[in-house]
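Visitor: Predicted model and sequence below, questions to follow.
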Amino acid sequence: MTNVVTNSLDLSVSVVVDNQNIAIEYRNHFELIRFLLQLSDAAFFVSPFLYEDFSSFFAGLNLRGMEIELVTSCAPRGTDQLKKPFSLRSFGSLAEASTGNWPTIGVDQALHSKIYVFFKGGMPFAGIITSANLTGRGLQINHEAGVLLRDKTMLLQLVGGVQANLDYVNISKYQVDQLCTAATIMSREVSAAKDYEIGLKNILNNFCTPSAGNRGVRIRESAEYYIKVSGVTDKPILAEDQRPFDEPHCELSFAKSPDNIRLGDCLLQVAVGGMCFLSYYACASPVFERSAKEKDSDPDYKRWPYYVFANNLSLNYGRDWFKKPLYYNDVIKRFKAKYPSISVTKAGKDHFIGAIQLGHSYIRVTSEFGKFVRHEIDNFKC
């Protein structure tokens, strides 16, 4: 069954959520979408154009614990790349304030669709396909029209189709801030007749995290490889604890400033205690240091005061590593059997356990070993 959605008629629909039939009365897309949001635990929005300020959209909504995903475009057409980063910042910060989670943000540079899908318990219960963009005029003022669907199979196909065509996925708060900085600098000399490119490809393209539909991830050829040690003797990371390492974006902490690590370098995370690989990442930021206030408030921040933002490039392995751990002793044995004349570390050693025992939180390894580890993780099957 489908229902009409417009901005010009008083209409009503009913949806089934948790086996309850819920009637909704609405006058426009804005009212319907906000009502459906409050029935959901996840939502998927697709729109090439966005509010400049999302305050009115999120006003009064308590969506604590909800997961929201947005797909939009940010093409170098006119001043779109000068404005869109600030729309993304507004959406991200207000969604995070309402839900407690930074939203998942993806970019499709050929996007034209406008789709709004609502989930409960992992399954979609309603979705809107429409002409209305995620803007004030699109949701409330313009003469827009669409339909509301309830077919779960069709809605999942819609979501999957959009996710499979993303150019950039899981854009982090840090990356949005970088885009805003670039847009601010570029905006100092604006001509309405020009198409503006703020360097989005340089900021995002090389270091994006893969999604289920986008596995075209490449580490740059000149990347250095490092072992990143996580956990300590008194706080080991063990397989029996079944702790996943599948956050798309995270902070990786260090006891000493990792000054040698550069943007795009590959960090191979290993567990103290578990003696296995946990995930691997691309470094996506410079090195930062915790503030004095942060160090005083958290002993871990004092112990590991330096950090980088990193993009997880092994979401599949990181989610289930504990089911079939890749123990680093075994990986090293396989590597040396295949490459007996090549060292594991850049210092010429055939193991990094000694450096871990000395308290080093990162160890530079050979590119041959780094690529070997990546290959094993990429081919992980539990």
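Guide: Everything's here; your move. Numbers count the residues shown, from 1 in each chain.
Visitor: helices and strands of the protein: which one bottoms out on pLDDT?
Guide: Within the chain, no helix or strand scores below helix 200-204, which has a mean of 62 by mean pLDDT, DSSP states H and E.
Visitor: That one: what's the following helix or strand?
Guide: With elements assigned by DSSP states H and E, the helix or strand that comes after helix 200-204 is strand 225-230.
Visitor: What helices and strands are in contact with that following strand?
Guide: On a contact count with 3 or more CB pairs under 8 Å, 6 or more residues apart in numbering; DSSP states H and E, strand 225-230 meets strand 266-271, helix 353-357, strand 362-365, helix 367-378. C-beta: built from backbone N, CA, C; applies to glycine.
Visitor: Any chance of CSV for the ones you listed, columns mean neighbour count, mean pLDDT and distance to residue 346?
Guide: Converted to CSV, the helices and strands packed on strand 225-230 look like this (neighbours: other CB atoms under 10 Å; pLDDT from 0 to 100; distance: least, CB to CB, whole Å):
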stretch, mean neighbour count, mean pLDDT, distance to residue 346
strand 266-271, 25, 96, 13
helix 353-357, 14, 91, 11
strand 362-365, 21, 96, 4
helix 367-378, 18, 95, 9
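Visitor: Any idea which of those gets closest to residue 153?
Guide: Among the helices and strands packed on strand 225-230, helix 367-378 comes nearest to residue 153, with 30.6 Å by CB to CB.
Visitor: helices and strands around the closest one, which ones?
Guide: strand 225-230, strand 266-271, strand 276-283, strand 326-327, helix 328-338.
Visitor: Of those, which is nearest residue 83?
Guide: Among those, strand 276-283 sits nearest to residue 83 (CB to CB), with 27.9 Å.
Visitor: Now the closest one - C-alpha only, CSV.
Guide: Extracted as CSV, the C-alpha positions of strand 276-283 are listed here (Å, rounded to 0.1, in the frame of the first residue of the first chain):
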residue,chain,number,x,y,z
CYS,A,276,46.8,-10.6,17.9
PHE,A,277,45.8,-8.0,15.3
LEU,A,278,42.6,-6.0,16.0
SER,A,279,42.2,-3.9,12.8
TYR,A,280,44.1,-1.6,10.6
TYR,A,281,43.7,2.1,9.9
ALA,A,282,44.7,5.1,7.7
CYS,A,283,45.9,8.1,9.7
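Visitor: Hey, what's the angle from it to helix 367-378? Just curious.
Guide: Strand 276-283 and helix 367-378 are oriented at 110 degrees to each other (axes from the mean of the first three to the mean of the last three CA atoms, to 10 degrees).
Visitor: Check which strands are paired with strand 276-283 and give the direction for each one.
Guide: When pairing is defined by DSSP bridges, strand 276-283 lines up against strand 266-271 (antiparallel), strand 306-312 (antiparallel), strand 326-327 (antiparallel).
Visitor: Make JSON lines out of those strands and add distance to residue 300.
Guide: Listed next are the strands paired with strand 276-283 as JSON lines, based on distance: least, CB to CB, whole Å:
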{"stretch": "strand 266-271", "distance to residue 300": "16"}
{"stretch": "strand 306-312", "distance to residue 300": "11"}
{"stretch": "strand 326-327", "distance to residue 300": "26"}
